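Visitor: A predicted structure for the sequence below; I have some questions about it.
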Amino acid sequence: MNLILLGPPGAGKGTQAKLLEQKLNMLQLSTGDMLRAAKDKGSEIGKKIKLIMAEGNLVTDEIVIELISENIDKSSKCAGFIFDGFPRTLYQADALSELMSSKKQSIDLVIEMRVDDSQLIERIVGRYSCKECGEVYHKVNRPEQKKGVCDNCKSINGFIFREDDTEEALRTRLFNYYRETSSLIGYYYAKKKLTMVDGLLPIQTIHDLIYQATKNNL
Ligand code: AMP
């Protein structure tokens, strides 16, 4: 079973991907995480990516398709892939479909996580994560229980804010979502793969709904 989590920035794709990974022995493939890792290496391509990402623009299709392809090849032992933040353009969606076919696999389910724009700004501005394990927190909605200590891994090495989690970059990210990515909703609806989930429901309820959708799909 391979599934795509589709939704605007801040919809909760990463959170749901992590919960599904634990429950179904699937593997999260997040192009955002892969690009952040490439960016931190400081290579020439890393420097280019850094600027594009900080502004909230999309990295080229070629780069992300290459990254996804490499990571699929490296990970054969999981029960399936959870694509998080990929595809983001019709070109990427077609490339993914070809990639899956070449491995005699397919995309079985696409979950659209729907959240109002006004909620997204609140969710994203104020978001930070543990430097060590990546656990995500929010200044107002979910601060760490003991100040400076990660609830998950107990690290005291600090937290980081994403460079693109600013109001200005978010405006660009949202614009790009509606311009480039939202047409994928229709694309997967036409392929009868789409299930919509209300992204404003509690995290566990959303997880249960997605889990149920995977069961219905088997
Ligand atoms: P995310 O962590 O999914 O919010 O992605 C962070 C940033 O990485 C995006 O704003 C883009 O700049 C870049 N990015 C991630 N995935 C893609 C993709 N599939 N296509 C193009 N750019 C991407």
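Guide: Good, I have the coordinates.
Visitor: can you pull out the helices in the chain?
Guide: Taking DSSP state H to define them, one finds helices in the chain at 13-24, 31-40, 44-55, 61-74, 90-102, 117-124, 167-176, 183-190, 203-217.
Visitor: Relative to the ligand, which of those is closest?
Guide: Smallest distance to the ligand across the helices of the chain (CB to the nearest ligand atom): 2.0 Å, for helix 31-40. Every residue, glycine included, has its C-beta placed from N, CA and C.
Visitor: got the contact list for that closest one?
Guide: Contacts to helix 31-40, defined as CB atoms under 8 Å, 6 or more residues apart in numbering, come from residues 14, 45-46, 49-50, 53, 59, 63-64, 67-68, 71, 84-86, 88.
Visitor: Next, the buried residues of that helix.
Guide: 31-36, 38-39 (16 or more other CB atoms under 10 Å).
Visitor: re the thing from before, quick one: the helices of the chain as JSON lines, columns for mean pLDDT and distance to the ligand too.
Guide: Formatted as JSON lines, the helices of the chain follow (pLDDT from 0 to 100; distance: least, CB to the nearest ligand atom, whole Å):
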{"stretch": "helix 13-24", "mean pLDDT": "94", "distance to the ligand": "7"}
{"stretch": "helix 31-40", "mean pLDDT": "91", "distance to the ligand": "2"}
{"stretch": "helix 44-55", "mean pLDDT": "89", "distance to the ligand": "4"}
{"stretch": "helix 61-74", "mean pLDDT": "93", "distance to the ligand": "4"}
{"stretch": "helix 90-102", "mean pLDDT": "97", "distance to the ligand": "6"}
{"stretch": "helix 117-124", "mean pLDDT": "90", "distance to the ligand": "9"}
{"stretch": "helix 167-176", "mean pLDDT": "95", "distance to the ligand": "5"}
{"stretch": "helix 183-190", "mean pLDDT": "98", "distance to the ligand": "11"}
{"stretch": "helix 203-217", "mean pLDDT": "95", "distance to the ligand": "17"}
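Visitor: So what's the residue count around the residue lying closest to residue 103 once chain neighbours are set aside?
Guide: Nearest non-adjacent residue to residue 103, counting by CB to CB, 6 or more residues apart in numbering: residue 72, 7.0 Å away. When neighbours are counted by other CB atoms under 10 Å, residue 72 registers 20.
Visitor: thinking residue 72 is in contact with residue 29, fair?
Guide: Yes: proximity of residue 72 to residue 29 meets the contact threshold set by CB atoms under 8 Å, at 7.3 Å.
Visitor: Need the residues touching each of those two.
Guide: Counting by CB under 8 Å, 6+ apart, the shared contacts of residue 72 and residue 29 are residue 81.
Visitor: Just give the nearest non-adjacent residue to residue 218, would you?
Guide: residue 1 (7.1 Å).
Visitor: Show me the beta-bridge partners of the residue positioned nearest the centre of the chain.
Guide: Centrality entry for the chain: nearest residue to the mean C-alpha point is residue 84, 3.2 Å, by CA atoms, centre = their mean. For residue 84, the beta-bridge partners are residue 5, residue 30 (DSSP bridges).
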